[in-house]
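Asks: Make a model of this:
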Amino acid sequence: MGVLEIGNGDINKYRRMNYEFIEEKKANHQQQERINSTKKYVVACAIFASLNSVLLGYDVGVMSGAILFIQEDLKISEVQEEVLVGILSIISLLGSLAGGKTSDAIGRKWTMALAAIVFQTGAAIMALAPSFQVLLIGRLLAGIGIGFGVMIAPVYIVEIAPSVVRGSLTSFPEIFTNFGILLGYISNYIFSGLPVHINWRVMIAVGILPSVFIGFALFVIPESPRWLVMQNRIDEARLVLLKTNEVEKEVEQRLAEIRLAAGHSNSDRYEEKAVWRELINPSPGVRRILIAGCGIQCFQQMTGIDATVYYSPTIFKYAGINGNAQLLAATVAVGFTKTISILMAIFLIDKLGRKPLLYVSTIGMTVCLFSLGVTLSLLENNPVGVKLAILSVCGNVAFFSVGIGPVCWVLSSEVFPLRLRAQASAIGAVGSRVSSGVVAMSFLSVTRAITVGGTFFVFAGISALSVAFVYACVPETKGKSLEQIELIFMNDGQWQGGELELGDAERLVQK
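Replies: Down below sits the predicted model:
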């Protein structure tokens with residue numbers, strides 16, 4: 001009997017162990033399912049939020065080829081060509097400036113919807129334009145819509161994404177912009193064979209199609225939890241965080257951090273005048289944030305990427321390629337290179353970090369821009385020069401897309417504190433758009449003054465300066481929460497040339 005009792009006791013013990021093992025396995029399986037479901041949901045939100053960027057990219061890509069036929073059909077001058085190409089970037093600053101206030105008033109989600117509506121209206125007017133004047137009106141509306149979209153998409157994604165994947169997801173708008181550029185180049189090539197008074201209209205009109213997907217996206221994506229907290233809609237913010245955070249236990253902690261950052265802990269919310277007052281007369285910490293966030297956006301455009309993308313057919317024509325079909329085919333190669341490179345960036349940005357990619361990008365661009373300047377100065381209309389020109393342009397857009405292109409938007413969205421994020425992001429976007437517009441609207445005039453090769457020597461010099469800027473002013477933000485990043489800039493004692501380790505930031509949070 002004693003032996004039997006011991007045996008029964010062991011059996012019961014093993015049963016309990018087996019039950020506990022099964023329960024633990026079941027809990028782990030449920031947790032893994034939740035993690036997978038959360039990842040898919042956050043990625044879907046980032047994709048839908050980035051659809052406006054397809055519109056921007058498509059417009060940039062399609063205009064590079066469409067302008068050849070617009071010039072022939074509407075008989076516009078070279079100055080009008082520069083205005084038509086560059087005005088979109090300049091006028092988009094109105095959308096960016098209005099975007100900050102609008103997104104604080106109606107939310108990040110519906111600001112994206114407004115951006116799509118305004119852009120599509122402008123695109124429709126351009127496609128039907130009978131004259132340069134009407135074409136310009138449509139271009140102005142499209143620019144305002146792009147200003148909204150450029151400003152709001154990175155802000156929305158950075159506010160909804162977990163810190164471990166924030167870099168990859170915040171680079172989505174740049175990825176979709178590149179995809180849009182590629183589609184624009186392909187559209188140019190496909191429709192270039194149509195009659196000249198029809199082909200450029202069809203090229204522009206195709207850009208209206210993504211609005212269908214944007215309308216669907218509004219029924220899928222949630223509002224930003226940080227914006228909901230700013231509106232004191234705490235329960236709604238908690239529900240969104242439950243959907244976007246892999247570990248339920250961390251939701252309340254993240255919500256508390258957001259409420260503290262938003263000023264809810266002491267019920268002292270920033271009014272708009274106070275925000276602008278702080279931006280106009282910033283503290284040393286805020287000044288460092290503005291220099292890093294806005295400076296990187298300006299350098300992104302001042303290195304001449306829009307000149308390379310908008311005027312790639314013109315650049316290749318100077319190099320020695322003749323015929324519209326050959327020119328547009330070469331630009332498709334540029335588009336493919338740009339898209340492949342941006343896809344590489346999405347896998348590297350959260351593994352290598354922001355700063356290493358910026359170094360690789362800015363140094364590589366400097367070399368390629370200098371090489372293009374030498375090629376266009378010494379090897380014009382030479383078969384070797386044509387190959388080197390294509391290689392240099394493709395290399396320039398590749399280095400841009402693997403680094404400063406996507407990292408710029410990630411950084412500028414990460415570094416701005418919540419209380420200043422909408423307005424500061426708008427300022428950064430304005431700097432980016434103005435820089436882009438100045439480059440696009442002056443490129444042809446500058447090339448006449450100092451030659452095409454000389455123009456790219458200037459871009460190479462600016463790119464070299466961007467390397468020094470990254471070293472001196474940009475911190476590494478990989479793996480840090482938005483609240484930790486803010487403390488990096490605000491703590492004077494810990495700021496040392498833009499570097500602060502994650503452990504230091506965590507100790508600051510605990511203090």
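
Asks: Count the residues that sit near the nearest residue to Thr337 once chain neighbours are set aside.
Replies: Leaving aside its chain neighbours, Thr337 sits nearest to Cys394 (4.3 Å; criterion: C-beta to C-beta, 6 or more residues apart in numbering). Quick note: C-beta positions are derived from backbone N, CA and C, even for glycine. Using other C-beta atoms under 10 Å, Cys394 is surrounded by 21 other residues.

Asks: With Gly454 instead?
Replies: Neighbour number of Gly454 under other C-beta under 10 Å is 14.

Asks: Run the chain-centre distance for the helix or strand encompassing it.
Replies: Here Gly454, judged by DSSP states H and E, is contained in helix 421-473. Centroid separation between helix 421-473 and its chain, computed with C-alpha atoms, centre = their mean, to the nearest Å, is 17 Å.

Asks: Likewise for stretch 388-406?
Replies: 16 Å.

Asks: How far off centre is the helix or strand following the helix holding Gly454?
Replies: Moving toward the C-terminus from helix 421-473, the first helix or strand encountered (DSSP H and E) is helix 482-490. Chain-centre distance of helix 482-490: 21 Å, with C-alpha atoms, centre = their mean.

Asks: ditto for stretch 178-188
Replies: The answer for stretch 178-188 is 17 Å, by C-alpha atoms, centre = their mean.

Asks: neighbouring contacts of it?
Replies: 53-66, 203, 206-207, 309, 328, 331-332, 334-336, 338-339, 341-342, 401, 405 (C-beta atoms under 8 Å, 6 or more residues apart in numbering).

Asks: What of stretch 363-371?
Replies: 303-304, 388, 391-393, 395-396, 398-400, 403-404, 456-457, 459-460, 463-464, 466-467.

Asks: picking that back up, give me every residue that touches the residue nearest to Thr337.
Replies: By C-beta under 8 Å, 6+ apart, the neighbours of Cys394 are 333-334, 337.

Asks: for these, which one is nearest Leu88?
Replies: Closest approach to Leu88 among the contacts of Cys394 (C-beta to C-beta): Val334, at 19.4 Å.

Asks: Which positions within the strand or helix carrying Ile181 qualify as buried?
Replies: Taking DSSP H and E as the definition, Ile181 sits inside helix 172-191. Of the residues in helix 172-191, those buried by neighbour count under the rule 16 or more other C-beta atoms under 10 Å are 172-189, 191.

Asks: which regions of the chain sit below the pLDDT cut-off?
Replies: 1-36, 163-168, 246-249, 261-273, 422, 482-483, 491-511 (pLDDT under 70).

Asks: for it, what spans make up the strands?
Replies: Counting by DSSP state E, the chain forms no strands at all.

Asks: circling back: out of the contacts of Cys394, who's nearest Ala44?
Replies: Thr337 (27.8 Å).

Asks: Can you give me the neighbour number for that closest one?
Replies: Neighbours of Thr337 (other C-beta under 10 Å): 21.

Asks: Repeat that for Lys317.
Replies: The burial count for Lys317: 18, using other C-beta under 10 Å.

Asks: ok, and the closest non-adjacent residue to it?
Replies: Leu327 (6.2 Å).

Asks: ok, now Val360?
Replies: Gly403 (5.7 Å).

Asks: so what's that neighbour up against?
Replies: 345, 357-362, 364.

Asks: Could you do Gly395 as well?
Replies: 364, 367-368, 371.

Asks: that older thread, where does the residue nearest to Val360 fall, phi/psi-wise?
Replies: phi -140, psi -90 (degrees, to the nearest 10).

Asks: That one and Leu260, how far apart?
Replies: 33 Å (C-beta to C-beta, to the nearest Å).

Asks: cool, Ala424 as well?
Replies: On the measure of C-beta to C-beta, Ala424 and Leu260 end up 19 Å apart.

Asks: who has more neighbours, these two?
Replies: Ala424 (26 against 15).

Asks: Return the residues in contact with the more buried one.
Replies: 100, 279, 289-290, 293-294, 416-417.

Asks: How about Thr170: what's its closest non-neighbour residue?
Replies: Distances taken as C-beta to C-beta, 6+ apart put Val410 closest to Thr170, at 4.2 Å, once the chain neighbours are dropped.

Asks: now do Leu379
Replies: Gly385 (2.9 Å).

Asks: Just to check, the residue nearest to Thr170 is in contact with Val158?
Replies: Yes - contact between Val410 and Val158 holds when scored by C-beta atoms under 8 Å: they sit 7.5 Å apart.

Asks: Please identify the buried residues of stretch 241-255?
Replies: 241, 244-246, 251, 254-255.

Asks: Spatially, which two of those residues are the most separated?
Replies: Farthest pair in the buried residues of stretch 241-255, by C-beta to C-beta: Glu246 and Leu255, 15.2 Å.

Asks: can you give me the helices for the stretch 151-300 of the chain?
Replies: With DSSP state H, counting those that start in this stretch as the criterion, the stretch 151-300 of the chain has helices at 166-170, 172-191, 196-205, 211-217, 225-230, 234-244, 249-262, 272-280, 284-302.

Asks: out of the ones you listed, which comes closest to Met112?
Replies: Here helix 211-217 is closest among the helices of the stretch 151-300 of the chain (C-beta to C-beta), at 7.5 Å.

Asks: before we move on, back to that, and the helix holding Ile181, how far out from the chain's middle?
Replies: The answer for helix 172-191 is 15 Å, by C-alpha atoms, centre = their mean.

Asks: What of stretch 214-234?
Replies: 19 Å.

Asks: From one end of it to the other, what's the distance?
Replies: 27 Å (C-alpha to C-alpha, to the nearest Å).

Asks: which outside residues touch it?
Replies: 44-45, 48-49, 51-52, 103-104, 107-110, 112-113, 116, 155-156, 159-160, 236-241, 243-244, 255, 258-259, 261-262, 264, 269, 418, 421.

Asks: Going through those, which ones are buried?
Replies: Buried among those (16+ other C-beta under 10 Å): 45, 48-49, 51-52, 103-104, 107-109, 112-113, 116, 155-156, 159-160, 236-238, 240-241, 244, 255, 258-259, 261-262, 264, 418, 421.
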